[in-house]
Each structure stands twice: as structure tokens, then as C-alpha cells.
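# All I have is the shape, not the residue letters:
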Ligand code: FAD
């Protein structure tokens with residue numbers, strides 16, 4: 001018997017650790033443990049997504065004559081007791097690359113070892129685990145572009161099969177009654193949850209946001225729909241928040257409701273389809289065929305789009321390895337400045353930013369989308385993050401905390417990477433003096449103000465030009481056009497100068 005511990009991999013299909021646990025014994029018992037130390041960092045939106053995904057996963061196992069054991073407690077106590085109760089030899093799980101998770105996993109491994117059980121950790125959450133892709137000198141990459149080239153050219157693993165009913169322990173063998181007892185003072189029975197706890201029982205509330213559905217079926221639907229169409233225009237659409245240009249797979253990738261190998265395989269199938277279309281279009285056209293043969297590496301726009309999407313998956317793996325090798329960046333700047341950055345940290349401005357009432361329409365639309373959907377478009381995440389750090393001069397950690405509270409897809413590595421990029425404290429070569437102008441960004445990426453009007457109802461009756469000019473209008477004009485929408489809380493040009501001075505001081509240039 002083996003035990004497989006599900007964590008950020010809430011699926012049976014294409015699960016490397018589960019496949020290994022199944023290979024390692026006649027029967028496998030799958031388990032999920034609600035750990036209060038982890039719940040302390042959770043949020044309503046993420047709990048909703050997670051509980052939906054767990055309900056589906058439990059159903060998947062039940063359909064195969066097995067069950068997902070669900071417990072609440074310290075995994076370092078639950079897992080040895082469970083392994084003893086089902087007479088398992090080894091407990092398997094998939095690696096999690098954040099510092100907190102690694103500390104916990106080391107503690108759990110020690111407890112299992114002390115109780116006489118083996119442990120086996122697998123790399124599942126990424127296609128190429130941290131440390132696999134290194135510079136020629138053997139160091140981990142701190143520059144994405146080079147990382148991406150090596151990531152792209154490396155062979156990718158195939159998806160892992162989903163276990164059959166015969167690979168899994170049958171329900172009787174893992175019914176709570178037979179799990180009685182446990183190790184030492186710990187009573188496993190007390191920790192087991194015969195039914196999934198409700199969101200309230202876990203200390204959270206149903207989120208105000210309309211969180212997208214969890215579970216593998218929903219993830220597969222999204223992936224299939226995206227790879228059928230939007231992936232072919234991803235390159236041209238992804239920057240425009242009013243277009244449904246991206247996959248919205250992020251909460252699924254965060255909770256592992258779908259495997260990365262399965263996702264990558266679908267993108268490769270899309271690449272092949274785009275290539276076949278391109279070949280069919282050029283067939284019979286001798287010049288085009290000759291061009292094609294010459295430029296083997298050249299991709300047509302549809303293929304280029306698929307490639308760009310794959311490069312986003314590589315960003316995710318880049319940030320995972322940055323966090324893995326630098327766990328301290330979860331609360332510290334990656335980039336060392338000579339002096340501490342003297343953030344302004346005005347509490348009222350932070351509150352206005354959080355409410356989406358800064359008087360900068362694209363910023364407010366993004367902050368309101370976050371509250372409404374527990375998700376925000378990538379371009380707008382960049383804009384609101386730049387606004388917080390470089391217009392309000394507020395420490396990126398305050399923005400990161402707010403995102404962590406509200407995003408269904410909050411992922412320590414990606415969230416941290418995104419915030420430190422925006423704050424010019426991260427891995428990126430992005431110089432501190434490149435500061436987004438929020439009005440120009442709104443005009444460029446939401447030219448018709450469709451996205452803005454969707455999330456900022458006060459501006460629905462205002463034409464796009466006036467929306468983009470909002471900071472430039474007079475008080476009287478603003479009051480006339482949209483009396484309920486706030487005036488800009490700061491002057492961008494003035495704050496830009498202050499931000500430049502702040503970074504110069506931190507660089508010791510003052
Ligand atoms: P798609 O464009 O469809 O991309 C597919 C997948 O690639 C995403 O689901 C994600 O897993 C990965 N990806 C895409 N862009 C990035 C990126 N820039 N960095 C890392 N991975 C990427 N992403 C998160 O998953 N969780 C976060 O908590 C998070 N916080 C962010 C905070 C800031 C300030 C910024 C600027 C970006 C953040 N991102 C985060 C990255 C990005 O915004 C989201 O991954 C993306 O918007 C999710 O939407 P999607 O699934 O439709 O993306």
C-alpha cells in the first residue's frame with residue numbers, strides 16, 4: 001500500500017506523484033489534509049475554488065470504487081497515523097517550491113521517517129523543475145530571455161495516465177472505521193472529515209467575487225476552448241483586457257486541477273494544426289513553398305501566437321525557480337539597492353487604490369475586476385502595480401498582500417515576480433525610470449474604453465476620449481460628465497518626478 005498526499009495538484013489525471021505512488025504498490029490511498037498553518041494564508045476566493053475542486057476529485061475517486069481521505073490537522077501527525085492505519089510503506093507527494101511549503105514538507109518527511117515510513121517527492125507542477133535549466137556556468141537563471149530559450153528547446157514529458165480503480169484502495173479498506181487508532185497520542189479518527197468541510201467550517205466565507213469553477217472538467221473545457229480558437233490570436237489579443245484573449249487557466253494551474261504536460265500537449269496540437277493550415281494555404285504556391293523550406297524556423301502569426309502562449313508557461317516556471325533559489329524574496333527585494341527605498345506609504349491613497357477609486361479609469365477598472373472576479377487581466381495587473389508603486393509610491397508588499405487576499409490564482413512565485421517586476425526590485429532588467437503613464441496605457445490597451453465601462457459603471461455614459469483624458473479635464477468638466485466618479489487622487493507627472501527621486505536616493509545617487 002502507498003499513500004498519495006494531494007496538495008496543489010487536485011487531480012487524478014496527469015499527476016506524476018500519483019502515477020508513481022500507484023506504480024509503487026498494489027493499492028494507493030489518496031489523501032488531502034486541511035492544514036491550519038496553510039489555511040492561515042488562504043482567502044475566501046481560493047477556498048471556494050479549492051473546495052469545488054476537492055469535491056470533484058473525491059467524486060472521481062468514488063467513481064473508481066475508492067475515496068479521497070480528507071483530514072484536518074497537522075500533516076506531520078495525520079500522515080504517519082494514516083500510513084500506519086492503512087499499512088502503507090511509502091507516502092508520495094509532489095514538490096511545492098515555496099519556502100514555507102518546503103519547510104513543512106521537511107517536517108512531515110522527518111515525522112514519517114521517525115515513524116518508520118519512506119517518503120518520495122516528485123516534480124509535477126512544472127515541466128522542468130528548478131535547477132534543471134541553468135546557465136552555461138551552472139547557475140540558476142536570473143534573466144528570463146535566456147531561460148526561455150533553453151526551456152523551449154528542451155524535450156517535454158508526456159502526460160501521466162490517470163489511475164484505474166484497480167490501482168486504488170477500495171472504499172472499504174479506507175472507511176473511517178478501519179482508520180481508527182493512530183500513532184502515539186494522536187487520534188486519527190478525530191482528524192478525519194467524513195464529508196468535505198464547508199467554507200464556513202474552515203473559517204472562511206463564500207466570496208463576494210464570482211469565482212470561476214474549479215475542478216479538472218472545468219479546466220479541460222477552458223483549455224479545449226482556448227486551444228480551438230483564442231490561442232491562434234493570443235499574440236495580438238492578449239494585451240487588450242476587453243478581448244477574451246487569454247486562457248484564464250491561472251487558478252487551475254495554481255491548484256493543479258490540470259497537469260502541465262496535458263496543457264503543453266494541447267498547445268503542441270494547436271501548433272501542429274496551425275502549421276497544417278499554413279502548409280495547406282501555401283501548397284501549390286512554388287514561391288511560398290520555397291520560402292517555407294528556407295525559413296524552417298519561421299512561424300506564421302498563428303504559430304507565433306501558440307509559441308507566445310508557451311512562453312507564458314515558461315514565465316511561470318522561471319518565477320518558480322527564482323523563488324526556489326531565493327526563498328527570502330517573498331518578503332524582500334530581489335534586487336539590492338544601496339539604500340532602503342523610502343516608500344511614501346500613504347494609508348488613504350492605498351485605501352483608494354484598493355477600492356478602485358483613484359480617478360485613473362484603467363486602474364480603477366482593474367481593481368474592481370479583482371473584487372468582482374477574483375482575477376485581473378495581466379496587462380491591467382501591470383498597470384495597477386506600476387500605479388501603486390510609482391504613482392502612489394507605496395511599497396509593493398502592500399499590493400502583493402492585497403492581491404493575495406483577493407486573487408483566486410494567487411501564486412507566491414508569480415505574484416511576487418509580477419510585483420517585483422513592477423516595482424523595479426525584481427529579476428528583470430526593467431530600469432526604475434520606465435514608469436507607466438496610466439492614462440496612456442488605458443488609451444493604448446482599452447481604446448474604446450469597453451473594459452473600463454464594464455467595471456466602472458459611473459463612466460458608462462462618458463465617451464472614450466473623455467475617459468482617457470480624465471486626469472486632464474477640469475473639475476467642472478468631470479463633475480458634469482460623471483459626478484459620481486472621483487477626481488484623480490494624484491498628479492501623474494508630479495508623482496513620476498517623486499518616484500524618480502525616490503529610486504535615485506535608493507541607488508545612492510543623491
Ligand atoms: P494566460 O495569458 O492565458 O497565460 C497562461 C498561464 O501562463 C497563466 O495561467 C500563468 O500560469 C502563466 N503566466 C502568464 N503570464 C505570466 C506571468 N507574467 N508570470 C508568470 N506566469 C504567467 N499569475 C498567477 O498565476 N498568480 C498570481 O498571483 C499572479 N500575480 C501577478 C501579479 C502582478 C503584479 C502581475 C503583473 C502579474 C501576476 N501574475 C500572476 C501573472 C499573470 O498576470 C497571470 O498569470 C495571468 O494574468 C493569468 O491569466 P491567464 O491564465 O488568462 O493567463
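Arrived safely, thanks for sending. Predicted, not measured: the structure shown is a model, and the values here were computed from it.

# Residue ranges in the protein under the pLDDT threshold?
175-185, 286-297, 430 (pLDDT under 70).

# mind redoing it with 80?
171-186, 283-297, 428-430, 510 (pLDDT under 80).

# how about the residues of it that lie near the ligand?
Contact residues, the chain versus the ligand (Cβ under 6 Å from any ligand atom): 238, 246-250, 253-254, 312-313, 315-316, 319, 378, 381-382, 385, 403, 407, 409-411, 414-415, 417-419, 422. From N, CA and C alone the C-beta is placed, and that goes for glycine too.

# For those residues, which ChimeraX command selects only the ones that are buried?
Remark: buried members of these, expressed as a ChimeraX selection using 16 or more other Cβ atoms under 10 Å:
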select :238,246,247,248,249,250,253,254,313,315,316,319,378,381,382,385,403,407,409,410,411,414,415,417,418,419,422
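
# Please flag which of the residues of the chain next to the ligand sit within helices.
In helices, defined here by DSSP state H, the members of these are 250, 253-254, 312-313, 315-316, 319, 378, 381-382, 385, 403, 414-415, 417-419, 422.

# State the distance from the residue in the chain that the ligand sits nearest to to residue 410.
Nearest residue of the chain to the ligand (Cβ to the nearest ligand atom) works out as residue 418 at 2.4 Å. Residue 418 sits 11 Å away from residue 410, going by Cβ to Cβ, to the nearest Å.

# again, but for residue 133
Using Cβ to Cβ, one obtains 25 Å as the distance from residue 133 to residue 410.

# same check, this time on residue 193
24 Å.

# and what of residue 348?
Relative to residue 410, residue 348 is positioned 25 Å away (Cβ to Cβ).

# got the domain boundaries for the protein?
The chain breaks down by automatic domain parsing into domains covering 1-125, 216-322, 347-506.

# Residue 397: what's it in contact with?
By Cβ atoms under 8 Å, 6 or more residues apart in numbering, the contact list for residue 397 reads 331, 419.

# can you give me the helices for the stretch 151-300 of the chain?
188-191, 216-228, 234-237, 250-255, 260-282, 286-294 (DSSP state H, counting those that start in this stretch).

# swap that for the stretch 351-500 of the chain, please
Assigned helices in the stretch 351-500 of the chain, in chain order: 361-373, 378-386, 396-406, 412-422, 438-445, 450-455, 464-468, 475-481, 492-506 (criterion: DSSP H, counting those that start in this stretch).

# how far does the second one sit from the chain's center?
Its chain's C-alpha centre lies 15 Å from the corresponding centre of helix 378-386 when counted by Cα atoms, centre = their mean, to the nearest Å.

# Report all helices and strands that it contacts.
With contacts defined as 3 or more Cβ pairs under 8 Å, 6 or more residues apart in numbering; DSSP states H and E, the packing partners of helix 378-386 are helix 361-373, helix 396-406, helix 412-422, helix 438-445.

# Recalculate using a threshold of 6 Å.
Contacting helix 378-386 under the criterion 3 or more Cβ pairs under 6 Å, 6 or more residues apart in numbering; DSSP states H and E are the following elements: helix 361-373, helix 412-422, helix 438-445.

# How is residue 3 assigned, secondary-structure-wise?
Three-state call for residue 3 (DSSP: H, G, I helix; E, B strand; the rest coil): strand.

# same check, this time on residue 70
Quick answer, by three-state DSSP: residue 70 is strand.

# just checking, it touches residue 32?
Yes. Using Cβ atoms under 6 Å, residue 70 makes contact with residue 32 at a distance of 5.4 Å.

# what about stretch 74-92, how long is it end to end?
One end of stretch 74-92 sits 17 Å from the other (Cα to Cα, to the nearest Å).

# For that stretch, which outside residues touch it?
1-4, 17, 20-21, 24, 29, 31, 33, 35, 71, 107-108, 111-112, 115, 117-120, 179, 182-183, 186, 188, 191 (Cβ atoms under 6 Å, 6 or more residues apart in numbering).

# go on, stretch 488-507?
So stretch 488-507 is contacted by 337-339, 341-342, 352, 358-359, 390-391, 393, 432-433, 435, 471, 510 (Cβ under 6 Å, 6+ apart).

# How far off centre is that stretch?
On Cα atoms, centre = their mean, the centre of stretch 488-507 falls 30 Å from that of its chain.

# Skipping its backbone neighbours, what lies nearest residue 233 in space?
In space, residue 233 comes closest to residue 305 once its chain neighbours are excluded; the distance is 5.9 Å by Cβ to Cβ, 6 or more residues apart in numbering.

# mind listing what's buried in stretch 433-443?
435-439, 441-443.

# What of stretch 496-510?
Neighbour-count burial for stretch 496-510, counted by 16+ other Cβ under 10 Å, picks out 496, 499, 502-503, 505-506.

# and the gap between residue 306 and residue 322?
Remark: distance between residue 306 and residue 322 (Cβ to Cβ) = 25 Å.

# what's in contact with stretch 146-164?
12-14, 16, 19, 22, 127-128, 133, 141, 259, 261-262, 264-265, 311, 314, 318.

# That one: how far from the chain's middle?
On Cα atoms, centre = their mean, the centre of stretch 146-164 falls 18 Å from the chain's centre.

# swap in stretch 264-272?
21 Å.

# next one: phi and psi at residue 92?
phi -110, psi 150 (degrees, to the nearest 10).

# now the closest residue to residue 317 other than its chain neighbours: how far from residue 314?
Spatially, and ignoring its direct neighbours in sequence, residue 317 is nearest to residue 126 (4.5 Å; Cβ to Cβ, 6+ apart). From residue 126 across to residue 314, the span is 10 Å (Cβ to Cβ).

# and the residue lying closest to residue 389 once chain neighbours are set aside, how many neighbours?
Excluding the flanking residues, the one nearest residue 389 by Cβ to Cβ, 6+ apart is residue 423, at 4.3 Å. Other residues near residue 423 come to 27 when the count uses other Cβ atoms under 10 Å.

# do residue 110 as well
12.

# helix, strand or coil for residue 30?
Residue 30 ends up strand, using three-state DSSP.

# check contacts around it.
With Cβ under 6 Å, 6+ apart, residue 30 has these contacts: 4, 68.

# That one and residue 433: what is the separation?
Counting by Cβ to Cβ, the gap from residue 30 to residue 433 is 52 Å.

# repeat for residue 240
26 Å.

# can you check residue 396 too?
From residue 396 to residue 433 the distance is 17 Å (Cβ to Cβ).

# same deal with residue 220?
Distance from residue 220 to residue 433, by Cβ to Cβ: 44 Å.

# Repeat that for residue 35.
Going from residue 35 to residue 433 by Cβ to Cβ gives 44 Å.

# swap in residue 411?
Taking Cβ to Cβ as the measure, residue 411 falls 29 Å from residue 433.

# Pretty sure the residue nearest to residue 389 sits against residue 390.
No. Contact between residue 423 and residue 390 fails when scored by Cβ under 6 Å: they sit 7.9 Å apart.

# coming back round to it: just the buried residues out of the contacts of stretch 74-92, in PyMOL syntax.
To isolate the buried members of these in PyMOL, using 16+ other Cβ under 10 Å:
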select buried, resi 1+2+3+4+17+20+21+24+29+31+33+35+71+108+111+112+115+117+119+179+182+183+186+188+191
